[in-house]
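Colleague: Sequence plus predicted model, see below.
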Amino acid sequence: MFGLIASSAISDLVLLAYAYRQARIKYGISTDAKGSLAIFLASVLSASAVLLFRMEFSFNSNLVNLLLNGTVFPVCFLIISPIMGAIEREDISDLRLMFQETHLASHVEKVLYLYEHLTTSLKILK
């Protein structure tokens, strides 16, 4: 199982490196290495939390496992990403502007905006 995950990750990294190189050459696009690293670290920590949760609480139903693990990752990512500096206040403001016209998403967005606004003050990586 680990070999499958590792080979998939390696091939994805090669593809990502090629796509980044092409974007940089053709369009002059650059990335924020520090922000990308912070997002990567937040994702790894969130995935680790899912694995720990899975080791501790495993149910017979695959659907229950899927729903619980699919809930643990976003919750952990929403907690960890602002603390790691992966999300800036400007990013939250941009998201708010994008979703202000949608009525259904605006209610969820307001709660997330408030939460992320509060947690961005707890940054570890600045």
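Modeller: Received it, and whenever you're ready, just let me know what you need. Residues are numbered from 1 along each chain as shown.
Colleague: Please identify the buried residues of the one helix or strand R24 maps to?
Modeller: In this structure, R24 sits in helix 2-27 according to DSSP states H and E. For helix 2-27, a neighbour-count test (16 or more other Cβ atoms under 10 Å) marks nothing as buried. C-beta here means a position set from N, CA and C on the backbone, and glycine is covered the same way.
Colleague: residue boundaries of the helices in the protein?
Modeller: Using DSSP state H, the helices of the chain run over residues 2-27, 33-56, 62-84, 89-99, 103-119.
Colleague: With mean pLDDT added, can I get these in a markdown table?
Modeller: Listed next are the helices of the chain as a markdown table, based on pLDDT from 0 to 100:
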| stretch | mean pLDDT |
| --- | --- |
| helix 2-27 | 84 |
| helix 33-56 | 86 |
| helix 62-84 | 86 |
| helix 89-99 | 74 |
| helix 103-119 | 69 |
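Colleague: relative orientation of the helix holding R24 and helix 33-56 in degrees?
Modeller: Interaxial angle, helix 2-27 versus helix 33-56 (axes from the mean of the first three to the mean of the last three Cα atoms, to 10 degrees): 160 degrees.
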